[in-house]
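Asks: Sharing a model prediction with you, sequence too.
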Amino acid sequence: MLLLAAASFLLTHVAVAQEAQSRPQREFALPVTPELEPGAMELLQAMGERLAAARTLSFTAVATYESPARTGLPLAYTTLSEVTLQRPDHLRVVTPGDGPAIEFYYDGATMMAYQPDARLSAIADAPPTIDAMLQNLFGLSATYFPFTDVIVADPYGDLATGLQLAFVVGQSTVVGDTLTDIVVIADPTLQMQLWIGAEDRLPRRIQASFFDELGHFRHVLELSDWRLDPELPPDTFSSAAAAAATPIPFAPPGTP
């Protein structure tokens, strides 16, 4: 009986697997001609203008991204970052976990990534704006902050360029402990869903999936603790401990 049950179990799973393989793969489609709802673009623009108008700002970003396990199904990994910036040329990102703690400082002339546990600092000269520094940082070390769209000089222009689809889903009272408008946008690279505060026009949640990524995993960003135009202490964008650590060059992952 056990052998028969095992055989039945195996045959059932083989049949399910064969049926799954015989199904046509799901295809994603974007409109040939851009379909951009005016209401969606207005919400996106209002969010971008609110962020761009702040000379200083800070927020907490919790990023959750998926990666396949040995089973092939995704596991979720999470990082938390405390972000502070001063436009146009100062940025601090403190990431205590999960994973090794990392601190990043940029003061308009130098960028520095510091790992407190190892007492190592990657230090390099940097361009004079946050946008140019982020591009330079990616070129040197493949470092990309998941909240980049929020901290660039023109968030609306960064998100709206190349869009082929934009529409309003509705509203939510669940995300961010406030009323939010839900907007979906898509370009040839990705689809992004944004929850934008109905009153303050600040992003509370962003979820993205990439069309060409194997598995089409979800990348989720929760944004909270918003402070716009706060007064910042003079030493916000520097660290004596980071400056005193053993210096190393910026380099992509996998470099000895």
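Replies: Cool, got the structure. Numbers count the residues shown, from 1 in each chain.

Asks: Nearest residue to the residue most central in space within the chain in space, please, no chain neighbours.
Replies: For the chain, the residue nearest the mean C-alpha position is Pro146 (2.3 Å; Cα atoms, centre = their mean). Among residues not flanking Pro146 along the chain, Ala63 sits closest, at 4.4 Å (Cβ to Cβ, 6 or more residues apart in numbering). C-beta: built from backbone N, CA, C; applies to glycine.

Asks: any idea how far Leu30 is from that neighbour?
Replies: Between Ala63 and Leu30 the computed distance is 26 Å (Cβ to Cβ, to the nearest Å).

Asks: more neighbours, those two?
Replies: A count of neighbours by other Cβ atoms under 10 Å puts Ala63 above the other of Ala63 and Leu30, at 19 against 15.

Asks: Report the buried residues of the helix or strand that contains that one.
Replies: Following DSSP states H and E, one finds Ala63 within strand 56-68. Buried positions in strand 56-68, judged by neighbour count with 16 or more other Cβ atoms under 10 Å: 56-59, 61, 63, 65-66.

Asks: picking up where we left off before, I'd assumed Leu223 was in contact with the residue nearest to the centre of the chain.
Replies: No - with contacts counted by Cβ atoms under 8 Å, Pro146 stays clear of Leu223, the gap being 10.2 Å.

Asks: joint contacts of these two?
Replies: Ala61 (Cβ atoms under 8 Å, 6 or more residues apart in numbering).

Asks: what number of residues lie near Leu134?
Replies: Counted with other Cβ under 10 Å, residues neighbouring Leu134 total 21.

Asks: Now do whichever strand or helix holds Trp195: which elements does it pack against?
Replies: Using DSSP H and E, Trp195 maps to strand 190-197. For strand 190-197, the packing partners by 3 or more Cβ pairs under 8 Å, 6 or more residues apart in numbering; DSSP states H and E come out as helix 38-53, strand 165-172, strand 180-186, strand 203-210.

Asks: residues in contact with the first one?
Replies: So the one you mean is helix 38-53. Under the criterion Cβ under 8 Å, 6+ apart, residues 57, 150-151, 153-160, 166-168, 181, 183-185, 194, 196, 200-203, 228 lie in contact with helix 38-53.
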